[in-house]
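# Next comes the sequence, and after it the predicted model I'd like to discuss.
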Amino acid sequence: MTAATTTATEDALRGYELIVGLEVHVELATVTKLFSASPNRFGDEPNTNIDPVTLGLPGALPVLNRQAVELAMRIGLALNCTVKSCTFHRKNYFYPDMPKAYQISQYDEPLNVDGWLVLADGTRVGIERAHLEEDTGKSTHVGGSGGRIHGSGHSLIDFNRAGVPLVEIVSRPDIRTSEQAREYVNELRAILVAIGASDAKMEEGSMRVDANVSVHQPGTPLGTRCEIKNLNSVRSLGRAIEYEARRQVVLLEAGETVRQETRHWDETDGRTHTLRSKEDADDYRYFLEPDLVPLDPDPAWIERVRSALPMLPAERRQLLAAATGAAANSEAVMVVVDRGQDPYVLAVGDAGGDPARALVHVKEAFAEQGAEPVVPAAAIAKLTQMEVAGALTSTQVKQVLADLVAGEGDDPEAIAAAKGFEAVDTTALEAMVDEAIAAQPDAWEKYRAGEDKAVGALVGAVMKASKNQADGKAVTAILRSRRQ
Amino acid sequence: MGIIPTTAAGIADAVRDGSVTASDVVERHLAAIEAREHEIHAFNLVGADAARTAAAAIDAAVAAGDDPGPLAGVPVALKDNMCTRGVETTCSSKILAGWRPPYDATVVERLTAAGAVVIGKTNLDEFAMGSSTENSAFGPTRNPHDISRVPGGSSGGSAAAVAAGFAPLGFGSDTGGSIRQPAALCGVVGVKTTYGAVSRYGLVAFASSLDQIGPFSTTVDDAALALEVIAGHDPMDSTSIPEPFPRLREVLDRGVEGLRVGRITDLPTGADPDVIERLEAAFDALGAAGAKIVDVEVPAFTYGLTAYYLIAPAEASSNLARYDGVRYGLRVDAPDTNAMYMATRHEGFGAEVKRRIMLGTYALSAGYYDAYYGKALRVRRLISDDFARAYEHADVLLTPTSPTVAFPIGAKTDNPLAMYLCDTYTIPSNLSGHPGMSVPFGTGADDLPVGVQVLASTCGEATMFQVAAELERAMESATP
């Protein structure tokens, strides 16, 4: 699917090169807001997490949240940025859900600059900056089409989100395919979650992605870029980039030019639409925020934050891959690290278990278990030992595993015994195969003559005889060896 | 029942020792308001009932043997741009008329915690933009010394209230001279502290990097007392100075022997001869008291006004953008959001406020920023540097506060530039963040009060007050 899509896109680009840079906003997982003591909490009753500062009441003043600075520094350090002294500016524009009619943001002196993030394919995407700013409130337009302000009868505003701390992470235009863009976002999300900076959920809006997309012929100057907004999932991001790239190529091939503008991705029609052109863009009249003083994190603080950073997902995947023999970008490794269960798999290995089998079991059966599974690592270690020794068939392993996960016992041997699994040994299996051949000589002859699908009837008979406790693969293997 | 003292310090002492009651103090001041407020219009709101309730609570505390604090029973008049919980705070603007803040400004909290009794909210030029208190949506305030004249501004209501005996202490805000100039024109003491000495939390912002709250009083000692209550670090204001504010009252008797008092030789001209005469008399008085008069230069002083009229409107254009009719204050309905914004702001703001919003928006706009706002910031730095050099040679500087005595109502309303020149001598210390105060020093033309401005270096309030107290003593000994 992925490979086919990429090829189709490349065909559609007719030799043009795609250039993508991403701007990612993430809500920080702080206790309180960026400049006030109101709770930073998603999902509460509208307009309950508010105060004079949040509402921009006359006379209210911002006071910078130390925890927000620390989480922003973590992000910078995890993305290999330089953390430096910085300032806050006012970005002035009118919108009903922005209480002060300006957003406090960082402009020419951001907290984090010049970092990078490495994708699974080894591509290094530069990080231009990662700066702190406050979120706006949330408008709900009632009566318009698709929740947009145009045509709506009235709007409701919830200021709970106003003043929530955001970090805006701006990549350099180092991304060349929609697949890389998706990978970048996935990797960034994994890092943010791993370092505890954000829950980074695109569906809840705690992670928002805008894409700057342009195309050009290799060897020529970069093309005019369009900024794509309203990307609510990683999938939308990929679709929108591909659509937008094709749109720009078609324009250029027809001898027209791409206008610099902000475009809105419409999930339902699968297209981007003009939101505003560069000429209509607001003049934000940035100036230094006089209500705040410069932020100058001292080197000791930066070092404390750096040394407290946990191991990042890429390194954890390498460790897990090395321990299990799986590829670092294999689905099992990606999923298990994403769930934070990699230390558990390693612990199974430490307890004498087989890491490769443990990885598969954890990936398959531990989706609901979280980073600290309730099943003792020693139990999984024991289970994989039994598996390696041939004491259990794969079907039996799954059943024992299900009982362990369900909390019905923590000794795999006892569970297996209770289910009567010890009975199935190789000798018994050979006997059952003999019976099946004797009962269905026609099928056996066909199979011997090279008709592979005829094996199904024989295996089925053995499974039935074993009350489904036999390992189908093992049965097939026995039949195959008899045929030769 | 003892005689009610006229100073804040005297009232607080008498209330604390039980020789007068806070209730009697409040009634005396309400009576004064009743007698003259109709011709002065110092107040946007007189909170008689709330003041009586607060005074009764103070009296009960004293009766119970508790100390209500250093301002026990002292009536205070607050400029109507300081947030008072549940009490209308208008900035003398139609756009905020009827707005009741859900919180108290830090200064208001500290005053009431010290036993002060808020007696009313005073008139100002709308959003503190002006020098005469004529730019008020609720009509001008008049000068108690001559009701055909302005009290100065923008804190004209608080200055007039103190000059008229409506309250022994008034509080204003000073962005370019808005405490010191009306203090001079009304013949009272007015202080702007070092930027950051007094919390701005709950002060409705005009130009955030310049605004400072400060007191009006009839004596230097009362101003010192008021500052000792309201100044000091506030965690709610990020620009608040962390170090403790100096004790001022204990330095007032120290005299000026050996202090260096600077005369700015390149001071902008334009002050009237009667004002210059009083300034010279002040130099003479300080010289006679043992101070050394030294000449200093502050070359960038003269560019202060120009830089100020770019920086202050720029910040104001941003600070006042929140008055959009969405959440509080005036809303004028219109077919869509943008039209509602425009109708509300068109209707809600007065002409001077609109002028400054436009000036400031222009100064910050893409393509103009460097030529206007950016250059003004560089001038601001020059002014600070020039002052810093001057303070290497002088402990304080003496200038006129206002170039003229109080002028007739209406005299400058058609000429904004003439009005802006009222603040020539006060603006530079807002730009540099240095403290300054106006001390009444006799009278000039038409027997109207003249103020002398004492300027000091960063956190130099103690020295500034030492000099101010000496000027006050010189006036007392000159008055029969």
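That came in fine, so what should we check first? These figures come from a predicted structure and were not determined experimentally. Residues are numbered from 1 along each chain as shown, chains lettered A, B, ... in the order given.

# mind showing which ranges of the stretch 51-200 of chain B have poor pLDDT?
Residue ranges of the stretch 51-200 of chain B with pLDDT under 70: none are present.

# for chain A, what are the nearby residues on it?
B:M82, B:C83, B:T89, B:C91, B:L96, B:W99, B:P101, B:P102, B:Y103, B:A105, B:R200 (Cβ under 8 Å from any Cβ of the partner chain). Placement of C-beta: from N, CA and C, glycine included.

# Shouldn't A:L392 be within a helix?
No - with DSSP: H, G, I helix; E, B strand; the rest coil as the criterion, A:L392 is coil rather than part of a helix.

# surely it meets A:F421?
Yes - between A:L392 and A:F421 there is a contact under Cβ atoms under 8 Å: 6.0 Å.

# Give me the number of neighbouring residues for the closest residue to chain B within the stretch 101-250 of chain A.
Of all residues in the stretch 101-250 of chain A, A:A101 sits closest to chain B, at 3.4 Å by Cβ to the nearest Cβ. Look at A:A101: counted by other Cβ atoms under 10 Å in any protein chain shown, it has 21 neighbours.

# Return the residues in contact with it.
The neighbours of A:A101, taking Cβ atoms under 8 Å, 6 or more residues apart in numbering or on different chains as the test, are A:G56, A:N92, A:Y93, A:F94, A:Y95, B:S318, B:A321, B:R322, B:D324.

# per-residue pLDDT, the fifth one?
Which is A:Y95. Among the per-residue scores, A:Y95 holds a pLDDT of 91.

# quick one: the residue of chain B positioned farthest from its centre and chain A, what's the gap?
Most distant residue from the mean C-alpha position of chain B: B:P335, 41.3 Å away (Cα atoms, centre = their mean). To chain A, B:P335 is 12 Å away according to Cβ to the nearest Cβ, to the nearest Å.

# Wait, a helix at that residue?
No - assessed with three-state DSSP, B:P335 is coil; it does not lie in a helix.

# picking that back up, among the residues of the stretch 51-200 of chain B next to chain A, which one sits closest to B:F301?
B:R200 (25.1 Å; Cβ to Cβ).

# The closest one is in contact with B:M236, isn't it?
No - B:R200 lies out of contact with B:M236 (Cβ under 8 Å); the separation is 9.1 Å.

# what's the overlap in contacts for the two?
Contacts common to B:R200 and B:M236, judged by Cβ under 8 Å, 6+ apart, are A:L61.

# In terms of neighbours, single out the busier of the two.
Neighbour totals were compared for B:R200 and B:M236, and B:R200 leads with 28 against 22 (other Cβ under 10 Å).

# Excluding chain neighbours, what is closest to the more buried one?
B:D237 (5.2 Å; Cβ to Cβ, 6 or more residues apart in numbering or on different chains).

# Tell me how far that neighbour lies from B:G433.
14 Å (Cβ to Cβ, to the nearest Å).

# Kindly report the same for A:R172.
40 Å.

# So for the two, which residue has more residues nearby?
B:G433 (21 against 16).

# host element of the most centrally placed residue in chain A?
Against the mean C-alpha coordinate of chain A, by Cα atoms, centre = their mean, the closest residue is A:N186 at 3.7 Å. Assigned by DSSP states H and E, A:N186 falls within helix A:178-194.

# just the helices in the stretch 151-300 of chain A please.
A:178-194, A:234-253, A:299-307 (DSSP state H, counting those that start in this stretch).

# B:A197 is in contact with the residue nearest to B:R200, correct?
No - between B:D237 and B:A197 there is no contact under Cβ under 8 Å: 10.6 Å.

# Can you pick out the residue with more neighbours from those two?
B:A197 (26 against 20).

# how near is that one to chain A?
15 Å.

# got the domain boundaries for chain A?
Following automatic domain parsing, chain A resolves into domains at A:2-306, A:313-423, A:426-483.

# Number of residues surrounding B:A366?
Neighbours of B:A366 (other Cβ under 10 Å): 10.

# Up against chain B, what does the stretch 51-200 of chain A have?
Neighbours of chain B within the stretch 51-200 of chain A, by Cβ under 8 Å from any Cβ: A:52, A:55-64, A:90, A:92, A:94, A:96, A:99-102, A:149, A:155, A:157.
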